[in-house]
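Chemist: Provided below are the primary sequence and the corresponding predicted coordinates.
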Amino acid sequence: MPALFILIPLAAVLLVNLPLRRLLTPAAFWLGLLLALAQAAAAVLVPDHAWIAPLGVATRLLRFTPTADLLTRVALLTIGLVGATALMVARAWTADPERRFRFANLALLALAGMNGVALASDLFSLYVFLEVTAVSAFILIAFGGERDALEGTFKYILLSAAASVLILAAVALLFVVAGSVSFGALHDVVPAAGRDPLVAAALVLLLAGLFIKSGIVPFHGWLPDAYSAAPAPASVLLAGIVTKTTGVYILMRAVTAVFTLDATVRALLLAGGTLSVLIGAFAALGQRDMKRMLAYSSISQVGYIILGLGAGSILGVAGALFHFFNHAVFKSLLFVNAAAVEQQAGTRDMDRLGGVAERMPVTGTTSVIGFLSCAGIPPLAGFWSKLVVILALWQAGERGYAAVAVLASLVTIAYFLSMQRRVFFGKLAEGLAGLREANPWLLVPACLLAAVTVGVGVGPWVLDILQLPAGSLP
Amino acid sequence: MTQMLMNLTILLPLAAGLAVFGLRRQRQEGLAAGVTLLVTAVTAAAAARLFGQEALVHHPWGGFGAAYALRLYPFSAFILLCASGFGVLIALFSTAFMKGRRHAAPYYAWFLLTLGMVNGAALADNLILLLVFWEGLLLTLFGMIAVGQPGAFRTAVKAFVISGVADLCMMAGVILTIRLAGTATISAIHLQTGGLASLAFGLLMIGAAAKAGAMPFHSWIPDAAMDAPLPFMALVPAALEKLLGIYFLARVSLDLYQLQPGSRLSTVLMIVGCVTILLAVMMALVQKDYKRLLSFHAISQVGYMILGVGTAVPAGIVGGVFHMINHAMYKSCLFLTGGSVEKQAGTTDLAKLGGLGRAMPVTFACFVVAAASISGVPPFNGFFSKELVYDGALERGMPFYLAALLGSFLTAASFLKLGHAAFVDAPRDVRPAAVREAPWPMLVPMVVIAGLCVLFGVHNALPLRGLVQPALGGRVEGLDFAGWPHGMILVIATVLVLAAALAHHLWGAGRGGSGLAAADHIHHAPAIGTVYAWAERRLLDPYEIGLRLVAAASRALWAVDRAIDFFYDTVIVRLTQGVSALARAAHTGSHALYLVWVLAGLAVMALYVARGGI
């Protein structure tokens, strides 16, 4: 059954690119949207026993065994939600059916790649799907063909190439040590390998590669440029899910399924997390470009996820997973809002905006929800996940890191308040007299994601659902 | 039955007061006055019925030793009787005086609440219950002043703040006393002074003395005399607060704590008494307004009571308590004569009055009796109580006696001036021919009280044996102070001083050309005149000094607050901006630099792992 999450998007990509594609041009968008929403629904609704039902044919096609634990299901849900959002934003972003088709095409490919990452049960398949996703992401960033976009893509390709080398080298080293790259085999050998220098080298290489992919400071240089230069729907996809899946998710997998969260791993995670939280937040504070601020904010928030992992406890992993989901939701929401503002006002420069909420009430309101959630204000979703991360750090005895996490929240509030004040509140800026509310294709995902953020925050059962997958980890 | 009546004297006025608050409209004023008169009469009847009995009421209430406990015994019955008596007389006076004034209905409401609270405080046998009533009086004090002249609110706030500060001290004293004694039941507390107990005693003294209006808690009284409705002055500062304050002072220094003659605390009390007598009477001497002059005497006379009780010798204590009831009567009467002058002549400014004696003979007669009483002219009541205080003071030391005697001289001089200026002098602005005698509801209380002043003097065995000595109980067991003073030398000295005051007044009046100017040579004397000028500019008012201190403290705190604000608004913000600018500057957009960062990060991680091993 899990194999279907990979095969169906792949089949869809093939289908829309058949020679008869002229007929299917408009269908690609709807197909992608349908698949993404169906995936999100399936991740929640399909009962547990169906996930392990083997589908012989499908599995043989793949030549590896996709497995889906609860961690995977959270990732699939997130991928579905954000993928659907990105497609809807694309619908509003361009009226040209050809461009829309190409975007949907790439999005479907990215969907297949990310699902593969989520479902992979060995390191090498993981690496392959990572590259599938990355390639579609490169093209998505450069989609518009502007100079900025090309520059952003270039930096992303450059650092991703480094990451690929590092990850591939690590996979090779681990294959040497264990004779296999499946998670099960690695987990039997690697922790027991103890002080083997090969394993140590593999650890450093793998972590560094994944840090680049996740945008952890100081491996994050590509991220602000790529996020802010990409066209609106691409930045939603990229910021919301692509880097999360290809970086953070694999990191979570790797440190739990391959390595163990021992003192060394934790120290590296905590250091990277803290640097990201602080530098991301302070850099965000100084930005004028709305998307750039959101990009630095992403660095900072990913830092929280990594800090949660670094706590090393089940509670910490649960917090990291919870924040992974919440961050995808509220950051996508904020990027959707940024897309709406950019499209209606024609600029992302916060100094030239102002009073936008007056004319764009839905965008203004949902952005407030998104920023409050990101800043960790109760009872929104972001509050709970940050709380769990901070509690986990405290319980693990990492009081200093917990304090940093709390203080950085203040900076988060500061830069988001600054954004809200400059963009949405106050008097309408000059030259915006004709401003109108955005296209419904931007409002629907914004409302949907805001509802998810509020619902997850208000519904206390969510934490239990997310703590279960963490508990199921080895 | 007795218990029911005790509750009635408290709850009936309180309930009626709350009900009268409902009467807002002007035409319901008559109804409010009628209700007040009726309720005060019923309360007075109940108090009279209770007199001579003893009873306890006890209902547990709350925790921490708080209980609704009342105790009727000779002293509280005495206070209850006096308070209720003044209540009914002044209610009668008010019906005529307040007619057609603004805020008449709320005035009556506050009046009734005050009476209920005073009765409650007098009967309370639990310190916490006492505090409840005591603080209730703080509220009614504010209310009664605030319903006066349009500018009275400021004075009401002043009275509230001064009394509030004193009440806070008393609250602290009560807490300390409860802690020391282990009980809140007043009749069960008997402590020795010393150490913490002295502190508690001092705090309670502050509460009691402030309630009675002693210095330095006095300065709202002269202001209230000008701003508050006049019957309030006759009722509260002149009568009820003196009764309550001195009652509590006597209870604290005789029952709760055993004040010993010759102890330091006793000396402190006597000094407070003497200072209050002299400073306040000096101020009274130079006043040019009927009510304001009286108000300073209301302060000055407290000094005699505190001096008397503070001596801690039987003659002094009896004198102090006797002076309390005497003062309540004559000062009430004097304020009522002032009210009748204000109502009939339209002003109390002595520079406009004059020659009213012929137009208002009854008022004048009452004034003469009450003024003679306060000056200590034999055989009026004030003479006998002052003689007892002199006796006690002399036993403790000549300076106290001389201070008290000098106070007497100045009191007599100022009342000679007041009477001369208002009633005898040649008419000034107000034409006596146009002024008529006050209506009967105002005359009756004056005449009754003046009559009692004479009765308590001529037949002083009645109050002394019937009220004061039983009230003080064991402390004066077996002694009898009724009758003519036994120290003939003291009497002669008093008479000589009074004669000197008369001679001084005649000399001064001749020199200044009128009764009003009789004290001008003191007012404008070198040195003293400067001090008077300061006092008139309120430079010596403790409240004003306190306000200036508070203002200075708040300015200092404001500076601290600015500093904290500076830290958060400037230091932190600049720091954050600096770090943010650094972070921004580091991201140059150069892919080469970013690759260098990656390599550096990788190197650090590798070094860390290599050094630590896995």
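Modeler: Structure's in. What do you need?
Chemist: burial of A:Ala50, as a residue count?
Modeler: Residues near A:Ala50, counting by other C-beta atoms under 10 Å in any protein chain shown, number 12. To be clear about C-beta, it is placed using only N, CA and C from the backbone, and glycine gets the same treatment.
Chemist: ok, now B:Ala551?
Modeler: 10.
Chemist: over to B:Leu557?
Modeler: By other C-beta under 10 Å, 10 other residues sit near B:Leu557.
Chemist: helix or strand: which one has the residue lying closest to A:Gly312 once chain neighbours are set aside?
Modeler: Using C-beta to C-beta, 6 or more residues apart in numbering or on different chains and skipping the chain neighbours, the partner closest in space to A:Gly312 is A:Leu261 (4.2 Å). A:Leu261 is part of no helix or strand, with elements assigned from DSSP states H and E.
Chemist: A:Leu261 touches A:Leu309, doesn't it?
Modeler: Yes. A:Leu261 is within contact range of A:Leu309, at 7.3 Å (criterion: C-beta atoms under 8 Å).
Chemist: overlap in contacts, these two.
Modeler: Among the neighbours of A:Leu261, those also in contact with A:Leu309 (C-beta atoms under 8 Å, 6 or more residues apart in numbering or on different chains) are A:Val255.
Chemist: tell me the contacts of the residue of the stretch 151-300 of chain A found nearest chain B?
Modeler: Closest approach between the stretch 151-300 of chain A and chain B, counting by C-beta to the nearest C-beta: A:Gly221, at 2.5 Å. Applying C-beta under 8 Å, 6+ apart to A:Gly221 gives the contacts A:155, A:159, B:587, B:591, B:593-595, B:597-598.
Chemist: burial count for the residue nearest to A:Gly312?
Modeler: Number of residues near A:Leu261 (other C-beta under 10 Å) recorded here: 19.
Chemist: ok, now A:Asp349?
Modeler: Neighbour tally, A:Asp349, other C-beta under 10 Å: 14.
Chemist: ok, and the closest non-adjacent residue to it?
Modeler: A:Arg288 (5.7 Å).
Chemist: A:Ala110: what's its closest spatial neighbour, skipping adjacent residues?
Modeler: If the residues on either side of it in the chain are set aside, A:Ala110 comes closest to A:Ser136, at 4.2 Å by C-beta to C-beta, 6+ apart.
Chemist: what pLDDT, on average, does the one helix or strand the one you found maps to get?
Modeler: Here A:Ser136 is covered by helix A:123-141, with elements defined by DSSP H and E. Mean pLDDT, helix A:123-141: 92.
Chemist: and the stretch 301-450 of chain A, which residues reach chain B?
Modeler: With C-beta under 8 Å from any C-beta of the partner chain as the criterion, the stretch 301-450 of chain A meets chain B at residues A:411, A:414.
Chemist: now the residue nearest in space to the middle of chain B: how far from A:Phe138?
Modeler: With distances taken as C-alpha atoms, centre = their mean, B:Gly213 lies nearest the centre of chain B, 3.4 Å away. Here B:Gly213 is placed at a distance of 91 Å from A:Phe138 (C-beta to C-beta, to the nearest Å).
Chemist: same check, this time on A:Gly215
Modeler: A:Gly215 sits 15 Å away from A:Phe138, going by C-beta to C-beta.
Chemist: try A:Gly397
Modeler: Counting by C-beta to C-beta, the gap from A:Gly397 to A:Phe138 is 42 Å.
Chemist: correct me if wrong: the residue nearest to the centre of chain B contacts B:Lys242.
Modeler: Yes. Proximity of B:Gly213 to B:Lys242 meets the contact threshold set by C-beta under 8 Å, at 7.2 Å.
Chemist: common neighbours of these two, please.
Modeler: Jointly contacting B:Gly213 and B:Lys242 under the rule C-beta under 8 Å, 6+ apart are B:298, B:302.
Chemist: who has more neighbours, A:Gly397 and A:Phe138?
Modeler: Comparing A:Gly397 with A:Phe138 by other C-beta under 10 Å, the one with more neighbours is A:Phe138, at 18 against 11.
Chemist: for that one, list the residues it contacts.
Modeler: Neighbour list for A:Phe138: A:153, A:156-157, A:160 [criterion: C-beta under 8 Å, 6+ apart].
Chemist: for the chain, which spans come out with low pLDDT?
Modeler: Assuming you mean chain A. For chain A, the stretches with pLDDT under 70 are A:1, A:21, A:53-61, A:63, A:194, A:460-474.
Chemist: switch to chain B, that's the one I care about
Modeler: Chain B contains residues with pLDDT under 70 at B:24-27, B:62-63, B:474, B:613-614.
Chemist: cutoff 50 now
Modeler: B:614 (pLDDT under 50).
Chemist: in it, which helix is the longest?
Modeler: Longest helix of chain B, by residue count under DSSP state H: helix B:314-345.
Chemist: ok so A:Lys427 is a helix residue?
Modeler: No. Under DSSP: H, G, I helix; E, B strand; the rest coil, A:Lys427 sits outside any helix and is assigned coil.
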